[in-house]
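Undergrad: make a model of this:
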Amino acid sequence: MPGRLAPAPKPVWQNDYYAVLVDAPLAIVWNVRSSKPFASLEELEASVASVCRCLDGLGRSRNALLLDVRAAPGRNDPAFEAALDRLRPLWFQGFRRVGVLVQSVVGELQAQRYARRDSIKRLITSDEAALLRYLTQGG
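TA: Model (predicted):
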């Protein structure tokens with residue numbers, strides 16, 4: 001987070017796949033994906049369930065969610081996609097705003113496809129500064 005004047009987000013939860021950090025001054029919850037691939041769909045579902053419990057405890061309605069998937073290994077097999085289709089609404093619902101930080105055009109296209117399927121408004125970009133501006137806007 002180069003050029004930030006505010007303190008860095010504080011880690012509040014982590015497992016092998018995700019970390020949750022809170023930037024209280026900006027009211028942004030960061031959910032950062034690691035580069036470790038899921039060995040099974042059960043691991044994916046259990047991990048996202050744990051993330052969701054953490055997010056619930058942080059107060060979704062007063063925060064924006066920033067999902068950083070820049071390190072995520074690429075995967076788009078049908079079973080994985082179906083699992084994500086079930087999980088995304090539970091994961092993203094209730095936040096003031098949602099943003100997805102991607103590494104590449106391919107990642108952006110995949111995230112846009114997901115957004116069309118679940119109809120949860122979000123900004124998808126590789127520009128962290130633009131995403132932070134979007135997430136800190138009112139409304």
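Undergrad: need the helix or strand of the protein with the lowest average pLDDT.
TA: In the chain, no helix or strand scores lower on mean pLDDT, DSSP states H and E than helix 105-118, which sits at a mean of 91.
Undergrad: show me what that one is packed up against.
TA: helix 78-92, strand 123-125 (3 or more CB pairs under 8 Å, 6 or more residues apart in numbering; DSSP states H and E). The C-beta positions use only the backbone N, C-alpha and C, and glycine is treated the same way.
Undergrad: quick one: mean pLDDT for the longest one?
TA: So that's helix 78-92. Confidence over helix 78-92 (mean pLDDT, whole number) is 94.
Undergrad: just the CA trace of that helix, in PDB.
TA: The C-alpha trace of helix 78-92 is given here as PDB (Å, rounded to 0.1, in the frame of the first residue of the first chain):
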ATOM      1  CA  PRO A  78     -17.200 -26.300 -13.300                       C
ATOM      2  CA  ALA A  79     -17.300 -27.700  -9.700                       C
ATOM      3  CA  PHE A  80     -15.200 -24.900  -8.400                       C
ATOM      4  CA  GLU A  81     -17.300 -22.300 -10.200                       C
ATOM      5  CA  ALA A  82     -20.500 -23.800  -8.900                       C
ATOM      6  CA  ALA A  83     -19.200 -23.700  -5.300                       C
ATOM      7  CA  LEU A  84     -18.200 -20.100  -5.700                       C
ATOM      8  CA  ASP A  85     -21.600 -19.200  -7.100                       C
ATOM      9  CA  ARG A  86     -23.100 -20.600  -3.900                       C
ATOM     10  CA  LEU A  87     -20.600 -18.900  -1.600                       C
ATOM     11  CA  ARG A  88     -20.200 -15.400  -3.100                       C
ATOM     12  CA  PRO A  89     -23.600 -14.000  -2.000                       C
ATOM     13  CA  LEU A  90     -22.900 -15.200   1.600                       C
ATOM     14  CA  TRP A  91     -19.500 -13.600   1.400                       C
ATOM     15  CA  PHE A  92     -20.300 -10.300  -0.200                       C
END
